[in-house]
Structures are given as C-alpha cells and as structure tokens.
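[1] Next come a sequence and a model predicted from it.
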Amino acid sequence: MTAYLTRRLCSALAVLFSISLISFMLLKLSGDLATALAGEGSNAAYVDFLRKEYGLDRPLLVQYATWLGRALTGDLGRSFYFGEPVSTLFAARLPVTLQLGVLSIVVAITLALPLGIYAALKEDSLPDRVVQLVALSGQAMPVFWSSYLLILLFALNFKLLPISGAGSLAHLIMPSLALALNAMPALIRITRSGMSDALASDYVRTARAKGLRSHTVVVKHALRNALVPLVAIAAVQFGLLLGGSVVVETIFAIDGIGYFTWQAISQNDYPVVQAAVLIVASFYVLLTLAADLLNMWVDPRFTLGLAP
Amino acid sequence: MRTTTSRSILTLAAGLALQLAVPSGAQASKADDTLTAAFQFQLPTFDRYFAGGREGFLLGLLVYDALIYRDPNTLEFKPLLATSWRQIDDLTLEFDLRQGVKFHNGDALTAEDVVYTINFVSNPQNKIFSPETAAWIAKAEAVNSHTVRITAKETTPLALNYVMQLAILPAKYHATVGKDEFGLRPVGTGPYTVAKGSGNTVVFARNEAYFTGGGKNKPLIGKLVYKTVPDVTAQVAELMTGAVDWAYYIPSDLAARMATNPKLRITNADTFRVGFLTLNVDNNVPPDSPLRDVRVRRALNHAIDREKIAKSLVGSSAMVVNSACSPLQFACRQDLPPYEYDPAKAKALLAEAGYPNGFDVDVFGYRSRPVAESILGYLRAVNVRANLNWLQYPAVVKARREGKAAIVIDDFGSSGVADAGYILSFFFGASSDDLSRDKEVTRLVAQGSEKIDSAGREKSYGDALKLIGERAYWVPLFTMPINYVATTDLEIPIPRDENVEFWRARWK
C-alpha cells in the first residue's frame, strides 16, 4: 500500500512538472511576449527595453528554471496587468470559483443520481433511452452554448435571473446549471451502470427474496454499493468544472479564477496564465489522487495486498 | 424529529428565497439616477498611470483632469486645468493654471502638483503604463504658484497630444500614501470620484464640487456604474434586459440583431483606427520579391473592392481611405488620387511587371477573419495566391519587423493621437516597422516631426503621403468605426475619438 501511495504521489508530481514545462514553452511560442506587453504602437526600442526588464531576453531554460525556483517557494510572480502578486490575485478569486464548482457538482449529482437510478431500474426501456439521450446531449453541448440557451430562457424570456456577477445565489443559478449540464452525463452513466450491476447481484436477489420492500432494496442495498464509483467520478468531474469555469465565469462575469485567466490571456498577462495552468492542473491532479485513494480505501483488495 | 427536519428545510428554503431576492447587483435605472455601462475588462487599478488600454484612458477622463482637454467633436485642444498656454520656444510650453480648483480630498490645485506629476511620470524609474506620453519631457518647473513650464528633450510637435493624457495628481497625498494605496484610493480633480467597489463592479459618484469653465462639466447623471461584462453576447443580453444602459465595441452582427429592439439605439461611429495592408518592399526582402515592383503594388491597390468590404463587413460609417493615416488626424490629406477598384487593370499591371500568371505570397493577419478572407478572395481573383498566416498580434508584428511577413492585414489606432505625424513616424520613420525604407519619405516625415509650426508640418507630411500613395507602399483600406449601443432613454454624445464623455450623458 505504501509502495502504491509513493508511486501515485511521484506520478502526480511528474505530471505537474510536465504540465508546467509544456505550458511555459507553449506560452513562449505563442509570440513575442515583449511586443505583446508593449502593446500596439510601441516602437522596437521600447519592446527591447521591456524584454530586458522582464528577463525575456535570457535563454528559455534559464527563464523556466528561475520561474520554477520561485514557484516552489510560492512566488508565482507579479501580474503585468494588475501589478500585484499573482498568488494574492488568485487567492482573492478562488473562493467564488470553489463556490461555483461545489454548487455545480451538487446540482449535477442531485440531477444525475435519480436519473441514473431510474434508467437502471427501467433498463433498455424508453425512459432509459430518454435518460441516455439527455446524458449524450449534455456531453455534446459546449458549455458556452448551454450558457447562452440558459440566458435566453431565464434572463431574456422569463426575466427571472440576473446575467452578470456573483452578488447573490440567484447569480450563480445559471452558471452552475451550465456547468452541471456538462458534468452530469458521466455521473448519470456511472450511476446507471453501477445500479444495473448492483441490481443484478446476488445480495440484491437475496434481499428481495427476504421480502424487503423494493424501495429498501434499491436505496439501502443497491445504491450504497453503486455510489462508490460515483464519488470517485464526481471528484474528477469537479476538476473538470474548474477548467470549464474559464468559459462560464467569462460569460456570466463572475470574478473568479476562470474569468481572471481569460482576462490574462486577452491582456497577454503571461505570469497569470502560467500560474492558472499550474493551479488548475494541481487541483485536477489532487482530485484524481483523492479519487484513487478513496477507491483504495473502499476496495478491500488494497488492504489485502491485492491492489492493482 | 420529523418536525425538526421540516423546519430545517423551511428555514433553508426561506434563506434561499431571500438570497434569490437580492437585487442583481447594480441595476440600470433612470429612477435612481444611475447609468450602468458595460466594459469587457476590469480596471486593474484606479491609478491612471498604471491602468492601460481604453479602460485606463476612460479612468483618466472620469476621475482626473489634465492641463488641457481635446474636444471629441472638433478635436481641438481646449482649456481644462490650464486656462491658457503658449509655446515659449521650440522646446518649452507654458501653462497658466486655473485657480480655485480642488482635488477630491479638498486640497487646492497648485503649480507644485503639476510639477510633481510631470516629474513623476517622466521619470523612467516609475515605469508608467504608456511611457511615450511622458518620455519626451526633460523637466517641469513652476514659474510661480499658478504658472508651469514643461521643457521637452527635443522638438515635440505632438506635445499637446500627450499633455492632454497626463492626469494631474495631488502631490502631497500621492507622495504620502504611495503608489499601491493611491491605486486603491485615488484622488483627482475629475468630474467623478470612485465611490466604492472593485473587480467587476465599480461605482463612480458625481464630484459635486467640480469646477466650471473648463472643457468638461459637472456630471448630469449622479452615478456611473462601471460593470465588467467580458462576453459581448452577455453584454447584448444585459442591454436587452435593461440591466445595462450603455456598451460599445459591439460587433456588427450582434448590433444588427439589436437594431429592431425599440428600447435600444445603435450608432456606428468612426474612430482614429484605420485598416491597411503593409507591403514588405525593403525589409530583408529577397531581390526577386514581386513587391519590390511598384506596378505590382499598384495592382494590389486596384485589386481590392474596399468600398464593398467596408460597407458589408466593417460598418455603415466606414469610409475608404486613400492615404496612410486617419482622415480625422491633423495633416492627413485626402486629396490623393484613389486607386479605383479595377481587377482588369490590376491583371494588366501584373502582366506588365512580368507576372501574367500572378504569384504566391504570404499574408499575415490577426484581427477580423471575414475581412481577411474577403481581401484574399479579391487578391485570388487577380491571380495573387495568398497563403494566410492567422496569428496573434505580437507574432504578426514580430514577423513583420523581421521581414518575414510580405503582406500584413493590419490596422492602427494611433494611441488616440489626432495627428498624422504619429502614424507616419511609426510606419515610415526608418524604424523596424518601416517596410519601404524610402529615403525621400523618411526625410519628409522627419522634417514634419522636427517642426512646431502647423503649416510646415502639414506640408512635409502631405508630401510624404503623396509619395507613399504614388509609390503604393501601402494598400490603405478604410476607417474602422465601432458600434455604440445605448438605451433610448439615455442621451449620450458620440465622440469621434472613442473618449466617451459620461459627464454629458443625461436621461431623456
């Protein structure tokens, strides 16, 4: 078990290192950062001044090593646009993004769970196909599109919800729904297949044979077992939601790390872009790790030394 | 137990309902005298000198005042914090300060504030956002308590264009609180103060003590809400729901859809921005490059139906330009003979130049894909087969400066400077952005930039523009207007220079 943990931690660190290196290089390849910083109408002399000022004239690997060295001590540099430390700017915006992420995953699970169970109970029937179609549509529809549809419906047609900002819970309904629609399909499918397996298992047959009520069999016996993979997938989906928040926060003008990242990309604020990639990647890696550990904890094979 | 659960659920539901009932931020409202304007980007700071882009410029106009003011309609300079000014010699400008002007914190404006500000921004150590606005200054000094002299390092005919961008800071307060604190709690003399907010919503309140007699006035609407709505489609939706009263830079396709909405008024108005093709004639160009031949360059000018692209893809106010500058700029002569759209003539010129079957060329672009595709289509029609490189702006500029971009579909806003000298010095000033390197042209442009007298400058720039046109160093395209959208109950003047004057807005 210790060996497994060590292996997972090492691979998580390797993933983070690779992501930081690749994103750093890609950012440098996207064009001349000094020209971008100087802005339109800046002459070549000023561009050269900025290049030296920000150390952009040094070899790429030296620039990367310097950045990495500082990042390891928590110093992610200063934003070119805001002039403040990147870590402070992110810390100020993280709560609203986490709030949106948690709300979205709660909405996604709340919708996905009953739909998945229902589909499993009615396996291969028309309702099952309808649920599958809903799942497929949710997955196929880009987040920006579902966001616009929600705005059209709830803000323009029914005039029920505000579009921009995050000042109240009402502001978060459409963004969380848009994100939830995207996260839901995987959860529906995992619930459906988990329930389907559980319902066909011996212990459920035994429970039924004991004369237990259908509700008790489904909820107390089948669902408990079907929930285990759902929790793991939900953790991964939560990571995806943080990535998806770039689009949703931009559309709904929510001042979280997603919108902050979009703005940084638009303004060529590359210390922020670089940090955003690293932070979201770290979240994702941590959540995947947490999901693996959760699986390990619930799977008795690990404790018996039969871990995969 | 059941009762407790029910009560908890009820409490939770009531809480949610209350949360839902919270007003959706700052609602647009004539009733509470609050104008809500939508912008794409946040204000990074309230310090004018560290906030870039259009947002920074707007901040400078709202919260601060400069010594002089440019009328957005006539584009003439008018008094603001200075009541008058004069050119003492080629290097020195003298300004008489308005008396009785107060900063938002109650401090009286003095010559000391002006000198402090000018010396602060012109010091390269302070690294302000648009250094060109202050880099020309050698020093500022007070002649007496209400007269200030600014001395330039060298003859700077664009000096007033820069002075109008230099927001005057309160010396004592600025020196005491320091840069970071000033960015949070700014103090200026402008028509608005920052009342509250940060991030996506900032509320500006009318400066009740705003002085009279300058080019700006005390705001007619009490509150201005700067609302960040990054997505333009969401901005449009906000305008349609009435949560936002005003927005600009709305793309033409979205603006066209709003045109039928009786509650909104859309205005397509010009800016200083002009579109053009830069042709690499002499910047690391191989000897056999077709663009070296003036007949080829003229053929390219004749090949594109600029009028059609302007009206169908750019905006109803877009105007075809025939010289290498914006018609709104000083000395941008418009009497040059145009290259009419004539594909047959273009083909004949290409054949004459030895390219009867046309040629292949690399074209770079970054702004409007539909416009680029359209231009490419016109070029293809005369057998100029363009290979489009669609990149980010910095990458395109880098390629052009390194001589790797034969043709760039470019545009330029002249950083809001209403003088052809700015765009000419940039693209025809023998710098790395000058692709023609024509000694006659660069000499004329330099001459124009070394003079103070308007007539002499106009003559030099006019001659330079004539040569640029004759030798077809560019394909000038059209002006690039933008769409302003406002609710019909709001009356707000449309500027010619994008500097929206919110203090003149009024409810109908």
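    Received, thanks.
[2] From now on I want contacts and neighbour counts done on CA atoms only, so please keep to that.
    OK.
[3] for residue A:275, what are its contacts?
    A:76, A:86 (CA atoms under 8 Å, 6 or more residues apart in numbering or on different chains).
[4] separation between residue B:419 and chain A?
    Distance, residue B:419 to chain A, using CA to the nearest CA, to the nearest Å: 14 Å.
[5] Mind listing the residues bridging to that residue?
    Beta bridges link residue B:419 to residue B:330, judged by DSSP bridges.
[6] Provide a list of residues in contact with it.
    Taking CA under 8 Å, 6+ apart, one finds B:158, B:329-332 in contact with residue B:419.
[7] OK, contacts around the residue lying closest to residue B:421 once chain neighbours are set aside?
    Nearest non-adjacent residue to residue B:421, counting by CA to CA, 6 or more residues apart in numbering or on different chains: residue B:449, 6.7 Å away. Taking CA under 8 Å, 6+ apart, we find residue B:449 in contact with B:155-157, B:421, B:425, B:457.
[8] burial measure for the residue in the stretch 151-300 of chain A that chain B sits nearest to, as a count.
    At 4.6 Å from chain B, residue A:170 is the closest residue in the stretch 151-300 of chain A, using CA to the nearest CA. Residues near residue A:170, counting by other CA atoms under 10 Å in any protein chain shown, number 23.
[9] Can you say which helix or strand has it in it?
    helix A:169-199 (DSSP states H and E).
[10] Tell me the residues of the stretch 301-450 of chain B that contact chain A?
    B:392-395, B:397-398, B:412, B:414-415, B:426, B:431-433 (CA under 8 Å from any CA of the partner chain).
[11] Widest-spaced pair of those?
    Within those, B:392 and B:431 form the most distant pair, 21.6 Å apart (CA to CA).
[12] Provide the secondary structure category for the closest residue to chain B within the stretch 1-150 of chain A.
    Proximity of the stretch 1-150 of chain A to chain B (CA to the nearest CA) peaks at residue A:31, 4.3 Å away. Under the three-state scheme (DSSP: H, G, I helix; E, B strand; the rest coil), residue A:31 adopts coil.
[13] quick one: it from residue B:392, how far?
    With distances taken as CA to CA, to the nearest Å, residue A:31 is found 7 Å from residue B:392.
[14] Neighbour count: the two, which is higher?
    Taking other CA under 10 Å, residue A:31 and residue B:392 do not tie; residue A:31 has more neighbours (19 against 16).
[15] just to revisit the earlier point, give me the subset of the residues of the stretch 301-450 of chain B next to chain A that lies in helices.
    Counting by DSSP state H, these place B:393-395, B:397-398, B:426 in helices.
[16] Please compute how far stretch B:91-109 lies from its chain's middle.
    26 Å (CA atoms, centre = their mean, to the nearest Å).
[17] can you check stretch B:50-59 too?
    Relative to where its chain is centred, stretch B:50-59 has its mean C-alpha point 10 Å off (CA atoms, centre = their mean).
[18] what comes into contact with it?
    A:81-82, B:41-46, B:48-49, B:128-130, B:165, B:499-500.
[19] Can I have the buried ones of the residues you listed as a ChimeraX selection?
    The ChimeraX command for the buried members of these (criterion: 16 or more other CA atoms under 10 Å in any protein chain shown) is given here:
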select /A:81,82 /B:41,42,43,44,45,46,48,49,128,129,130,165,499,500
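[20] of the contacts of stretch B:50-59, closest to residue B:258?
    residue B:500 (21.1 Å).
[21] Doesn't the closest one lie inside a strand?
    No - Residue B:500 is assigned coil when assessed by three-state DSSP, not a strand.
[22] distance between stretch A:138-146 and the chain's centre?
    Centroid separation between stretch A:138-146 and its chain, computed with CA atoms, centre = their mean, is 15 Å.
[23] so what's whichever residue of the stretch 351-500 of chain B sits closest to chain A closest to, chain neighbours aside?
    Closest to chain A within the stretch 351-500 of chain B is residue B:395: 4.3 Å, counting by CA to the nearest CA. Among residues not flanking residue B:395 along the chain, residue A:31 sits closest, at 4.3 Å (CA to CA, 6+ apart).
[24] Give me the pLDDT value at the one you found.
    For residue A:31, the model assigns a pLDDT of 71.
[25] my read: it touches residue B:394, true?
    Yes - at 5.6 Å, residue A:31 and residue B:394 qualify as touching, with contact defined as CA atoms under 8 Å.
[26] What are the neighbouring residues in contact with residue A:118?
    With CA under 8 Å, 6+ apart, residue A:118 has these contacts: A:128, A:192.
[27] Helix, strand, or coil at it?
    helix.
[28] which intervals of the chain have sub-threshold pLDDT?
    Let's take chain A. Within chain A, the stretches with pLDDT under 70 are A:1, A:298-308.
[29] nope, chain B please
    For chain B (pLDDT under 70), the answer is B:1-28.
[30] Could you chop it up by domain?
    B:6-43+B:190-248+B:484-498, B:68-174, B:274-479 (automatic domain parsing).
[31] Check the offset of the longest one from the chain's centre.
    Put plainly, it is domain B:274-479. Distance of domain B:274-479 from its chain centroid, counting by CA atoms, centre = their mean, is 20 Å.
[32] swap in the shortest one?
    Between the centre of domain B:68-174 and the centre of its host chain there is 21 Å, according to CA atoms, centre = their mean.
[33] near chain B, which residues of the stretch 151-300 of chain A?
    Taking CA under 8 Å from any CA as the contact definition, the stretch 151-300 of chain A meets chain B at A:151, A:155-156, A:159, A:162-165, A:167-171, A:250-255, A:263.
[34] How about the contacts made by residue 116?
    All of this refers to chain A. Applying CA under 8 Å, 6+ apart, the residues near residue A:116 are A:131, A:187-192, A:195.
[35] hmm, I had chain B in mind actually
    Taking CA under 8 Å, 6+ apart as the criterion, residue B:116 is in contact with B:169, B:171.
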